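> Pasting the sequence and the predicted coordinates here, then a few questions.
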Amino acid sequence: MPSTLAAPVHSECILKKSRFIGCVQPVADRAAAQAVVAALWQAHPGARHVCWALMAGGQSAAVDDGEPGGTAGRPMLEVLRHQDLEGVLATVVRYFGGVKLGAGGLVRAYTDTVAQALLGAQKVPLRRSSVLCCTVPYALEGLVRRELVTLGAVLGEVGHASLVTLAFRIPDTDAARCIARLGDATQGRIGWLDMMDVV
């Protein structure tokens, strides 16, 4: 089962006078990752490279930032993939020490920096969730709200028109049980909307 991290973890490696400062942290998406990288450049203006790798489903990325192709971002991404992490950003800030490391040395340095950070990481199982949307008569709104609390769903937007529309998030593994339970509780007077109809 994929995991994410509870909090950022850090490491630092020195190899042939080059300093590698690593951080692995939870992030939501590529935009959040790019904001972190921009902040690192501001915090480390004397650095030669800020390489990064992101595991975030369709938004995953591996960036070498000027290092020879495939020697930084890709090895960092492989560490995240090997640890079955999702929604996680790995960054390594490199201060060049004047000695070239070669492709093999760079791969080892970036891999080790990320792996060292992850040694102290607290992993949290990632539970995938679905957003469901239903409609009920006004008289059943309170009942449905109570059922959602019992089911552990997170209520989102609620709309009031001819019927009450409730959007909520629930773990994928509980979605079928939730639909059946709400159908029973409302005696079939609940309607389900496709989220495309709601947007």
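Nice, thanks for sending it over. Residues are numbered from 1 along each chain as shown.
> So in this structure, which helix runs the longest?
Assignment by DSSP state H gives helix 102-119 as the longest helix of the chain.
> Beyond that one, next helix or strand please.
strand 123-125 (DSSP states H and E).
> Who are the packing partners of that following strand?
If contacts are counted by 3 or more C-beta pairs under 8 Å, 6 or more residues apart in numbering; DSSP states H and E, strand 123-125 sits against strand 3-5. C-betas here are computed from N, CA, C, even on glycine.
> what separates the strand it packs on from the chain centre, distance-wise?
8 Å (C-alpha atoms, centre = their mean, to the nearest Å).
> ok, and for that strand, which residues are buried?
Ser3, Thr4, Leu5 (16 or more other C-beta atoms under 10 Å).
> what's the closest non-adjacent residue to the spatially most central residue of the chain?
Centre of the chain computed as the mean C-alpha position; nearest residue by C-alpha atoms, centre = their mean is Gly87, 1.9 Å away. Excluding its sequence neighbours, the residue lying closest to Gly87 (C-beta to C-beta, 6 or more residues apart in numbering) is Thr4, at 4.5 Å.
> quick one: contacts for that neighbour?
If you count contacts by C-beta atoms under 8 Å, 6 or more residues apart in numbering, Thr4 has them with Pro26, Leu85, Glu86, Gly87, Val88, Lys123, Val124, Leu126.
> Skip the chain neighbours and tell me the closest residue to Ala7.
Using C-beta to C-beta, 6+ apart, the closest residue to Ala7 is Gln122 (6.7 Å).
> Quick check, that neighbour in contact with Leu5.
Yes - here Gln122 reaches Leu5: they are 6.8 Å apart, a contact under C-beta atoms under 8 Å.
> hang on, the earlier thing: what residues are bridge-paired with the residue nearest to Gly87?
Val124 (DSSP bridges).
> How about the contacts made by Ala90?
When contacts are counted by C-beta under 8 Å, 6+ apart, Ala90 touches Gly22, Cys23, Val24, Trp52, Ala53, Leu54, Met76, Leu77, Val79, Leu80, Val114, Ala117.
> Out of these, which sit inside helices?
Going by DSSP H, the helices hold Met76, Leu77, Val79, Leu80, Val114, Ala117 from these.
> With pLDDT added, can I get these in a markdown table?
Listed next are these as a markdown table, based on pLDDT from 0 to 100:
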| residue | pLDDT |
| --- | --- |
| Met76 | 95 |
| Leu77 | 95 |
| Val79 | 94 |
| Leu80 | 93 |
| Val114 | 95 |
| Ala117 | 94 |
